[in-house]
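Participant: Let's see this in three dimensions:
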Amino acid sequence: MAKLKSDAAQENIEQLRKRFEALNEKRIAAETNRKSAEEALEKLRKKARDEYQTDDLAELQKKLKDMIANNERLRADYQKHLDGIETQLASVEESHRAAHGGSIPAEGRRA
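Facilitator: This next block holds a predicted model:
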């Protein structure tokens, strides 16, 4: 926080020079951080353009939403497929059991 000085309490040249140096170091550090952040941002934008053909945030959010919805559809389809296989397997086992008088031979049982 900046110090407020009254006219009566003037700083000498050495104090002013120290304040200037401290402020200059902060400016240099801030500029370095800004440049690093800009470079990192540009790398991320390039990566987004390369992978998703855009670096527009709204478009990327829409693409993410679409990808999540598509993944959910694929997961639901896979679950239905597995449920169908289990149903068919249970039907085959029941048919086999009925054909063998209620028991399944050891070689026909699932582990």
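
Participant: I'd like to know which elements the helix ranked longest in the chain is packed against.
Facilitator: Longest helix of the chain, by residue count under DSSP state H: helix 57-99. Applying 3 or more CB pairs under 8 Å, 6 or more residues apart in numbering; DSSP states H and E, one finds that helix 57-99 contacts helix 13-52. Heads up, the C-betas are built off the backbone N, CA and C, glycines and all.

Participant: any low-confidence regions in the chain?
Facilitator: Residues of the chain meeting the criterion pLDDT under 70: 1-9, 102-111.

Participant: Might you calculate how far the longest helix of the chain sits from the centre of the chain?
Facilitator: In terms of CA atoms, centre = their mean, to the nearest Å, the centre of helix 57-99 is set 24 Å apart from its chain centre.

Participant: what's the angle between that helix and helix 13-52?
Facilitator: Per axes from the mean of the first three to the mean of the last three CA atoms, to 10 degrees, the angle that helix 57-99 makes with helix 13-52 is 40 degrees.

Participant: who's in contact with the residue nearest the centre of the chain?
Facilitator: The centroid of the chain falls nearest to residue 64 when counting by CA atoms, centre = their mean (9.8 Å). With contact set as CB atoms under 8 Å, 6 or more residues apart in numbering, residue 64 has no partners.

Participant: Tell me the spacing between it and residue 54.
Facilitator: 12 Å (CB to CB, to the nearest Å).

Participant: Ok, residue 99 next?
Facilitator: 60 Å.

Participant: neighbour count winner among those two?
Facilitator: More crowded of residue 99 and residue 54, by other CB atoms under 10 Å: residue 54, with 14 against 9.

Participant: can I assume that one is in contact with residue 48?
Facilitator: Yes. Using CB atoms under 8 Å, residue 54 makes contact with residue 48 at a distance of 6.6 Å.

Participant: and for the two, which residues touch both?
Facilitator: residue 60.

Participant: So what's the residue count around residue 49?
Facilitator: Residue 49: 12 neighbours (other CB under 10 Å).
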